[in-house]
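Asks: Need a 3D model of the following:
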Amino acid sequence: MSKTAVVVFSDPKSGSDEALGRLFNALFVTYELRENQQDVALIFQGAGVRWAAEVVKPEHPAHALYQAVEDRVVGVCGGCADVFGATASVQACGVPLVNERAIPGTSGVVDLSKYLDAGYQLVTF
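Replies: This is a model prediction of the structure:
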C-alpha cells in the first residue's frame with residue numbers, strides 16, 4: 001500500500017483560480033487515495049494554512065469535498081499559521097494546529113521529515 005502526504009501551499013488570499021484549483025486538486029487526490037483505501041494525510045502548510053478557515057464554510061465551493069476527506073486532515077502547520085497571521089482563524093474553525101517540531105520564532109511546525117522517514121511520498125499543491 002502506498003503512503004502519501006498531500007500538502008497544500010497555495011494561498012487563498014491571492015484570489016486566483018490557480019490557488020483554488022490547487023486546493024481542489026489536493027482535495028481530489030486525497031479523496032481518490034482514500035477511496036482506494038490508501039494511507040493518505042492532508043496537511044495545510046505555508047500560506048495554504050489560510051484555506052482551513054475557508055473550506056469549513058458551507059458556501060465554499062470546496063466544502064463538500066473537504067468534508068469527504070476531513071478524516072484524513074492531519075491539520076494546519078502552527079508555525080506557518082503564526083507567520084501568515086492565521087492562528088486565530090484556524091483555532092476558530094476547529095481544524096487542529098500542529099506544532100510538533102520546534103522552529104525558532106514560531107510555535108512549531110508540521111514535521112514533514114517524519115512522513116518521508118515513514119515512507120510517504122509528498123505531493124504538493
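Asks: Would you map the helices across this protein?
Replies: 17-35, 51-55, 63-69, 78-83, 87-93, 112-117 (DSSP state H).
Asks: Turn the ones you listed into a markdown table, columns for mean neighbour count and mean pLDDT.
Replies: Yep, even glycine has a C-beta here, placed from its N, CA and C like the rest. Below are the helices of the chain laid out as a markdown table (neighbours: other CB atoms under 10 Å; pLDDT from 0 to 100):
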| stretch | mean neighbour count | mean pLDDT |
| --- | --- | --- |
| helix 17-35 | 18 | 97 |
| helix 51-55 | 24 | 97 |
| helix 63-69 | 17 | 98 |
| helix 78-83 | 23 | 96 |
| helix 87-93 | 16 | 96 |
| helix 112-117 | 13 | 97 |
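Asks: mind putting those in CSV, distance to Phe44 included?
Replies: Listed next are the helices of the chain as CSV, based on distance: least, CB to CB, whole Å:
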stretch, distance to Phe44
helix 17-35, 9
helix 51-55, 5
helix 63-69, 11
helix 78-83, 8
helix 87-93, 8
helix 112-117, 12
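Asks: Nearest to Thr124, out of these?
Replies: Proximity to Thr124 (CB to CB) singles out helix 17-35 among the helices of the chain, at 8.5 Å.
Asks: Give me the contact list for that closest one.
Replies: 2, 4, 6-12, 39-40, 42, 48, 51, 55, 61-62, 65-66, 68-69, 71-72, 123, 125 (CB atoms under 8 Å, 6 or more residues apart in numbering).
Asks: which of the residues you listed are buried?
Replies: 4, 6-12, 40, 42, 48, 51, 55, 62, 65-66, 69, 72, 123, 125 (16 or more other CB atoms under 10 Å).
Asks: Of the residues you listed, which belong to strands?
Replies: Using DSSP state E, the members of the buried ones among the contacts of helix 17-35 that fall in strands are 4, 6-8, 40, 42, 123.
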